[in-house]
Structure formats: structure tokens, C-alpha cells
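Engineer: all I have is the shape, not the residue letters:
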């Protein structure tokens, strides 16, 4: 009996002693699988981002990895061909923890040595768990540096990003005290968090939130200050009906400029019943168009005299090509809602709600005849809108109060006391504007 107990105990001790080695193997597997997945996804999207392992040295209790991110866009924009990371890991008995350094990047070390007196303000710590989960914490210490006559003050911050080894669920949280150029510009207390789950290549379901306590800019002639910005984004995916809904809610306590102060700014935008396949195709088209345009602009950099013309031409080309991509959204039930939009101005309050939706599938070509026969829009669109704003904002411009279209019985807006109001709705094959039918061409 004693021999059995001794043998079992010895097995447990040996197994425990081997955990660091096993965890080192596990870490290597997670990293390589993650990199393969990142490269696969980027290639799928037509992106030139590529991550690779240059060197991987693993011992019983530790590992040292050199890996890099290659991105052509970085080289064209900043003159940086790649970012090199040195990761040093300790194999624990339950997890592996590593520290990551940018020490092999000359551009980074030159900045640290020349601007920060050799004090690196960035620390990166990653934890690899047996389950395959990865958690990375990036800590930024406060620092300041001088560039010309300007002094830049960067405050402390921290970002935590966690995911599974398949990278299908990503959670992030960031806190940053802000930055400033004393007497000229400042950003205070930025908070951001995100919880996203991958469904398809471009469909990530979840929520993202951002808040900034204050943004301030002081100029010689004009000043600007924005207080308490909050923005919440949400994407929901109805797998049964294969449609998406996107919601965006924004609020700002106040914006102050030399022209006055705007307060209680709020809007809620919902885009509903987006065809999921159309969304995937649109995003693929959009990124391909953008990548092609960037390639043209990069080629033109060799001829600075033509750079501006090439850039303008590419912007025009992107707009035309995207017209075809937008068509993928024109499905029955597609709807845009702007609700509870409001703002308090010195002249008075603005508030409004707008709903625009498609009653059937359409193409871009099918929309062209509306220019000649506006009544055809009634077969395609449903519209409902209500808007109120101060009359003082109109000044001497009375166009929106005039009957600019022959079939209108009222202006787009009506004067009501100190305000102007607008309401419109398509109902029973008619367009009602301020409770009067607009007589459209038949």
C-alpha cells in the first residue's frame, strides 16, 4: 500500500514539475495558430498586413520570440517597413507570462533616446492560459517631449485586450488620462471598451463604447471646447433571417466656440434589416476599391508634381465605384432611423425624427426614373419625418419656407411662433407634407 501511495505521489510531482515545459509548448502552439489565423483573415480581406515569426527559442522554463508586423502602408506613410517585437516569456505552472519589447526598432529607440532621455514609457505584458485564452495588457507611463517650440505632454493609460486562440471573440478596455500641448490643445480622460464576436469575414457582432471628458483647442482667433462626448455602437446579427442591424448613439454635453455654446446634443441612428450577404459583398468591394486607390497613390509618390491630381482622381473614382457597391443594400425592409435628435442652441432648441425605408428590392437603375417621375418614389420608399428648429436660424434665407416644387401646397417648413416645423409621411400612395398632399407627376 505504501509503495502505491509513493508511486502515485511521485507521478504527481513529476507531472507538476513538467508543467512549465508543457505550458511553453502550449504557448508556442497558440502563437503560431493565432498568427496563421491573422494572416489568413488579412489575405481574405486583401490587406497587406502580415505577421511572421523570425526566431523562436524555447527552453524548459522560458521562451524568447522575435516576431514582426509587415505593413506596406506604414512604409509609405511613416517610412517604417516593419515593426519588430521581442517577447520574453516565463513558463509558470498554470500560465505563461511574457513581456514584449520594441527595442529592435531603430525609429522607436531613437525617439526614446533623443526625446525621452532613454526612458521607455511602454510596457506590454501577455498571459497565455491552458484554455488557449490570451490576455495582453499595455501600460503607458506619462511622459513629455519637445518638438521645435511645442511641448507635448502624454498622460498615463492602460489597454487590456483578451481573446481565445481562434480570435473569434475579442474583448478590449482602454483608459487614457489624455494628452496636451499646454496653452494650445488638450484631451482629457478617454475611456473605451469593446466586446465583439466574429460571425463572418466582416460581420462582427457586439458593442463598442467611447467617452471623452473634454477636448479643448485654443487658437489665436478661435477657440473650441467639447465636454462629455459619449458614443455607443452596436451590431446585431439575426442568423435566422440573415440580416443585420446597426445602432449608433451619440451625445455631447456641450460644444463652445467663439460663435456661442451648443448644449444637450444627442442623436440615435439605427440602420435595420441590412442584408448580411450584401453587407459582406459591400465591405469586400469597398476594401478592394480602397486598396487599389492606395496602390495608385503610392505609385504616384515618385512624381510629386502629379500627386495632387492622382489623389483627386482616385477620390472621384472611389465615389463612382461605390455606387455599385451601395446597391447591395437596396433590399426590401432596409431602413434608416434617426430618432430623438436634439440640440440646445442660443437661438432655441432643435429636435427631430426621421424614418426612411424600402418597400421592395430595387437597383440603382430603377431609381433613375424618379428624377422624371417623382411619383414612382411612393412605390419604393416609406418616409416619415418630424423636425422643429428656431426660426432665427433661417435668417434671411426663406427658401425652405417656400413652395419650391410646383406640386407643393406648403414650404418644406412652416413658421410657428419662434420656431419652424416640418412633418412629412408617405401614406396610401400619397406624400403628405405638413398635412397637405404634394401633387407629384403621375
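Structural biologist: All right, it came through fine. Small disclaimer: the values here were computed from a predicted structure and weren't measured.
Engineer: please make it C-alpha for all contacts and neighbour counts, starting now.
Structural biologist: OK.
Engineer: tell me the mean pLDDT for stretch 128-143?
Structural biologist: For stretch 128-143, mean pLDDT rounds to 90.
Engineer: ok, now stretch 202-221?
Structural biologist: pLDDT averaged over stretch 202-221 gives 92.
Engineer: list the buried residues in that stretch.
Structural biologist: For stretch 202-221, the neighbour count (16 or more other C-alpha atoms under 10 Å) marks 202-217 as buried.
Engineer: equivalent analysis for stretch 408-418, please.
Structural biologist: Buried-residue list, stretch 408-418, by 16+ other C-alpha under 10 Å: 408-414.
Engineer: would you format these as TSV with distance to residue 292, pLDDT and secondary structure included?
Structural biologist: Formatted as TSV, those follow (distance: C-alpha to C-alpha, whole Å; pLDDT from 0 to 100; DSSP: H, G, I helix; E, B strand; the rest coil):
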residue	distance to residue 292	pLDDT	secondary structure
408	45	88	coil
409	49	90	coil
410	48	91	coil
411	45	88	coil
412	42	90	coil
413	44	92	coil
414	48	91	strand
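Engineer: low pLDDT regions in the stretch 151-300 of the chain?
Structural biologist: 220, 293-300 (pLDDT under 70).
Engineer: host element of the nearest residue in space to residue 215 that is not next to it in sequence?
Structural biologist: Sequence neighbours aside, residue 187 is the residue nearest to residue 215 in space, at 4.6 Å (criterion: C-alpha to C-alpha, 6 or more residues apart in numbering). Element membership for residue 187 (DSSP states H and E) is strand 185-198.
Engineer: quick one, what contacts residue 27?
Structural biologist: Remark: with contacts taken as C-alpha atoms under 8 Å, 6 or more residues apart in numbering, residue 27 is in contact with 96, 128.
Engineer: pretty sure it is in a strand, no?
Structural biologist: No: applying DSSP: H, G, I helix; E, B strand; the rest coil, one finds residue 27 to be helix, outside a strand.
Engineer: okay, it: pLDDT?
Structural biologist: So, for residue 27, pLDDT stands at 78.
Engineer: what's the local residue count around residue 97?
Structural biologist: By other C-alpha atoms under 10 Å, 20 other residues sit near residue 97.
Engineer: hang on, it packs against residue 127?
Structural biologist: Yes: counting by C-alpha atoms under 8 Å, residue 127 is a contact partner of residue 97 at 4.5 Å.
Engineer: and the residue nearest to residue 215, bridged to which residues?
Structural biologist: Here residue 187 sits in beta bridges with residue 179, residue 215, as judged by DSSP bridges.
Engineer: please report how far it lies from residue 222.
Structural biologist: The spacing between residue 187 and residue 222, counted by C-alpha to C-alpha, to the nearest Å, is 17 Å.
Engineer: and what of residue 189?
Structural biologist: For residue 189 relative to residue 222 (C-alpha to C-alpha), the value is 24 Å.
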